[in-house]
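Asks: okay, sequence plus prediction incoming.
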Amino acid sequence: MGWGADMLSIKNLKFGHGSHIVVAENTAFGGGIYGVIGPSGSGKSTFLNTLAGFHDCQSGYAIFEDGDLLTQRVEDRPIAMLFQSNNLFPHLTIFRNVALAMTSRRWLTKFQQQQVSNALDRVGLSGFENRKPGELSGGQQSRAALARVLLQKKPILLLDEPFAALGPAMRNEMLDLVKEIAKIDNQIVLLVTHSPDDALRICDQTIFVSNKRLWLAGDTKIALQNIPSEMQDYFG
Amino acid sequence: MKLNAWARFKIIELPMLVSRVPAATAIIFVICLSSFAVALLLGGGPRATTVELAIYQAFRFDFDIAKAGQLALVQTCFAAVAIIISFAVMKRLDVGIGYLPTEPMGHSRTVRMVDLGMILMVAIFMLAPILAVIYRGLPHLTELPTSVWSAAATSVFIALPSAVLCILISVFMAHRLGESISILALSISPLVLGVGLFVIFRPYINPFDVTLLIVVLLNAVLAVPFTLRLILPEIQKSQSDFGRLSRTMRMSAWGMWAWVILPRLFRPLGFSFGIALALSLGDLGVIVLLGSPEKATLPYQIMQLRTGYRLDSAAGASMLLLMMCLFAIVTFDGLGRRYAKH
């Protein structure tokens, strides 16, 4: 089951820190994976944090299901997010980390327990329920975080370089898992990355952020073959 | 970068000291201003009388409430000026605890020797009176009068609820504003508070009837600045590390507390509880105003023994107090560490 038809539309959005205000082109995002690429400090993470509600925008709207996300509380936004670090609570078991996506109650119903088990099974972590994050490899931790995202059942998924610390093989594995999950649920996924290879691997379309501007560059292959002049220095 | 000792001091340590020392000095000044137990126990004659001792004298011996109130006002003004100065020089309030250097600074041998010398001097200054208490008190521990054991029980009876209350207040005040307010608590002398509460209660009830309750409340409040500084860094770290994650997961504030903050807080909570207990057990503040032989705490009893020149018993009672304080800190710190989850 997916969310499919709903689009995320950005209108007149301006965001940033101090004098570094990024102006986003009016854009509509449908179900699919979007790579957000740009130099360090250009505003990629700030863009995601603005959508998630951790950063106030200067002006503009982000319309989803006829409502403006930017006026909603963080908790009420239809958004799941993975960060660069701290995606799991280190003192809790993997089972509890994932279960907290559904409820803060200590005792789970049979149905809830089954859902957690299914999510862990889907990311290949069956049998790891009682381990703590510190007892898992980096890749397994990322899988656990993705299992949690699965249970959150949010139509928009924001990924702020969550796999940056993983080796190439493990990162590719995670990206493939994200692609699999996103396709099934037809989620809108925004993935911040510095790697054109990552973008080419899973991103349907690419968003560039540079020179205080954010714009949808279109199909990833084409965008990365025709790099605009303001991104030339970044790609080298 | 191969910085020499002078360059390291000039570039790294001096800017930090310049920003922190004035505020730290002001706060130490405030603590000294409101501390009178040592002066009281050592006699505090006319040449060594502090405002605090004068309040004690006016209240306890002259029973001149008006004069005690005036002196309390003077004391509060002194403290207020010091606190205003400390707030003015502090660019921002920092908790100051929670950072432990993990990388050695690579100081030269000379610098390390100077550091070691300073640490030894402070240790000797601190340990000498404690060793004296042990040397003089230990042989008399088994011969303590019943009144000392009774006072010790009263102290425990006061300290336990006081420590619980202190921890509850600290947890509720664990934010930046709470930290600022807690510094104000440092500036308020227990004697000033005692005189104030006496004046408030007197028209309605006999304040001496609720002495122990007042001591419980005041000990709790006065320990908050210390316990808050132990608890706040861990709360801030949990919120900083996992606040965003918990919000995207729609965890309620209660859920965040129960699942994230509290389990990670056991260690500082255990240590804080031990510290609050020890501070309350050893408090010689408002009890000297409102206490009596029937409602004596252990420090009050030690003072009575000392002023009655029963020095062996005073040393034995001091040894008992030392053991109780150490037991409180070691036990609860150990429990906190045992159940800590990171």
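Replies: Looks like it came in fine.
Asks: ranges for the helices of the stretch 1-150 of chain B?
Replies: Counting by DSSP state H, counting those that start in this stretch, the stretch 1-150 of chain B has helices at residues B:5-8, B:14-33, B:37-41, B:51-56, B:65-89, B:109-137, B:146-172.
Asks: most packed of the ones you listed?
Replies: For these, ranked by mean neighbour count under the definition mean count of other CB atoms under 10 Å in any protein chain shown, the leader is helix B:51-56 at a mean of 22. For the C-beta atoms, the positions are set from N, CA and C on the backbone; glycine is no exception.
Asks: per-domain residue ranges of chain A.
Replies: As given by automatic domain parsing, the domain ranges for chain A are A:1-78+A:154-236, A:88-153.
Asks: ok, residue A:41 - contacts?
Replies: residue A:20 (CB atoms under 8 Å, 6 or more residues apart in numbering or on different chains).
Asks: so where does it fall, helix or strand?
Replies: Counting by DSSP states H and E, no helix or strand carries residue A:41.
Asks: state the distance from it to residue A:208.
Replies: Distance of residue A:41 to residue A:208, given as CB to CB, to the nearest Å: 14 Å.
Asks: kindly report the same for residue B:41.
Replies: Taken as CB to CB, the span from residue B:41 to residue A:208 is 74 Å.
Asks: next one: residue B:150
Replies: Between residue B:150 and residue A:208 the computed distance is 79 Å (CB to CB).
Asks: could you do residue A:7 as well?
Replies: Per CB to CB, residue A:7 is found 20 Å from residue A:208.
Asks: which residues touch the nearest residue to residue B:157 once chain neighbours are set aside?
Replies: The shortest distance from residue B:157 to any non-neighbouring residue, by CB to CB, 6 or more residues apart in numbering or on different chains, is to residue B:212 (7.4 Å). Going by CB under 8 Å, 6+ apart, residue B:212 touches B:154, B:157-158, B:295.
Asks: among those residues, which pair sits farthest apart?
Replies: Greatest spatial distance among the contacts of residue B:212 (CB to CB): B:157 and B:295, at 10.5 Å.
Asks: buried sites along stretch A:222-233?
Replies: The neighbour-count check on stretch A:222-233 (16 or more other CB atoms under 10 Å in any protein chain shown) flags A:223-224, A:231 as buried.
Asks: which residue does chain A have closest to chain B?
Replies: residue A:104 (3.0 Å; CB to the nearest CB).
Asks: neighbours of the nearest residue to that residue once chain neighbours are set aside, just the number please.
Replies: Of all residues not flanking residue A:104 in the chain, residue B:255 sits nearest, at 3.0 Å (CB to CB, 6+ apart). Neighbour count of residue B:255, defined by other CB atoms under 10 Å in any protein chain shown: 16.
Asks: so which helix or strand takes in residue B:255?
Replies: Assigned by DSSP H and E, residue B:255 falls in helix B:253-255.
Asks: just checking, what packs against that helix?
Replies: Judged by 3 or more CB pairs under 8 Å, 6 or more residues apart in numbering or on different chains; DSSP states H and E, helix B:253-255 has no packing partners among the helices and strands.
Asks: roughly how far is it from the heart of the chain?
Replies: 30 Å (CA atoms, centre = their mean, to the nearest Å).
Asks: contact partners of that helix?
Replies: A:100, A:104, B:246.
Asks: swap in stretch B:279-289?
Replies: With CB under 8 Å, 6+ apart, stretch B:279-289 has contacts from B:37, B:40-41, B:56, B:59-60, B:155-156, B:158-159, B:162-163, B:166, B:189-191, B:193-195, B:197-198, B:211, B:214-215, B:218-220, B:222-223, B:226, B:296-300, B:303, B:321, B:324-325, B:328.
Asks: among those residues, name the buried ones.
Replies: Buried among the contacts of stretch B:279-289 (16+ other CB under 10 Å): B:37, B:40-41, B:56, B:59, B:155-156, B:158-159, B:162-163, B:166, B:189-191, B:193-195, B:197-198, B:211, B:214-215, B:218-220, B:222-223, B:226, B:296-300, B:303, B:321, B:324-325, B:328.
Asks: return the residues of chain A in contact with chain B.
Replies: Residues of chain A lying close to chain B (CB under 8 Å from any CB of the partner chain) are A:52-54, A:74-75, A:79-81, A:83, A:86-87, A:89-92, A:96, A:100-101, A:104, A:148, A:152.
Asks: restricted to helices, list those.
Replies: Of the residues of chain A next to chain B, the ones assigned to helices by DSSP state H are A:52, A:96, A:148, A:152.
Asks: so what's residue B:292 up against?
Replies: Counting by CB under 8 Å, 6+ apart, residue B:292 has contacts B:208, B:211.
Asks: now it: how far from residue B:120?
Replies: Taken as CB to CB, the span from residue B:292 to residue B:120 is 43 Å.
Asks: pull the longest helix from chain B.
Replies: helix B:211-248.
Asks: ugh, typo on my part, it should be chain A
Replies: Longest helix in chain A, counting residues (DSSP H): helix A:168-185.
Asks: helix or strand right after that helix?
Replies: strand A:188-192.
Asks: got the confidence number for residue B:98?
Replies: At residue B:98, the model reports a pLDDT of 47.
Asks: and what of residue B:91?
Replies: On the pLDDT scale, residue B:91 is placed at 55.
Asks: coming back round to it: please spell out the ChimeraX selection for the buried subset of the residues of chain A next to chain B.
Replies: Buried residues within these, by 16+ other CB under 10 Å, are selected in ChimeraX with:
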select /A:52,53,54,74,79,80,81,83,87,89,91,92,96,100,101,104,148,152
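Asks: so which of the residues of chain A next to chain B are in strands?
Replies: Secondary structure from DSSP state E places A:79-81 of the residues of chain A next to chain B in strands.
Asks: out of the contacts of helix B:253-255, who's nearest residue B:24?
Replies: Among these, residue B:246 lies closest to residue B:24 (CB to CB), at 34.4 Å.
Asks: check contacts around the spatially closest residue to that closest one that is not a sequence neighbour.
Replies: Computed as CB to CB, 6+ apart, the closest residue to residue B:246 that is not its neighbour in sequence is residue B:256, at 4.8 Å. Residues counted as contacts of residue B:256 (CB under 8 Å, 6+ apart) are B:242-243, B:246.
Asks: and the ones in helices among the residues of chain A next to chain B, which is the shakiest by pLDDT?
Replies: residue A:152 (90).
Asks: flag every buried residue along stretch A:112-128.
Replies: Buried, per 16+ other CB under 10 Å, within stretch A:112-128: A:115-117, A:119-120, A:122-123, A:125, A:128.
Asks: over to stretch A:158-174?
Replies: Quick answer for stretch A:158-174 (16+ other CB under 10 Å): A:158-163, A:166, A:170-174.
Asks: still on that earlier bit, mind putting the domains of chain A into JSON lines with distance to residue B:141?
Replies: As requested, the domains of chain A are exported to JSON lines (distance: least, CB to CB, whole Å):
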{"stretch": "domain A:1-78+A:154-236", "distance to residue B:141": "58"}
{"stretch": "domain A:88-153", "distance to residue B:141": "42"}
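Asks: now do the contacts for residue 137.
Replies: No chain in the question, so chain A it is. residue A:170.
Asks: not quite, I wanted chain B
Replies: By CB under 8 Å, 6+ apart, the contact set of residue B:137 is B:315-320, B:322.
Asks: gap between the residue of chain B found nearest chain A and residue A:96?
Replies: Using CB to the nearest CB, the single residue of chain B nearest to chain A is residue B:255, 3.0 Å away. For residue B:255, the distance to residue A:96 equals 12 Å [CB to CB].
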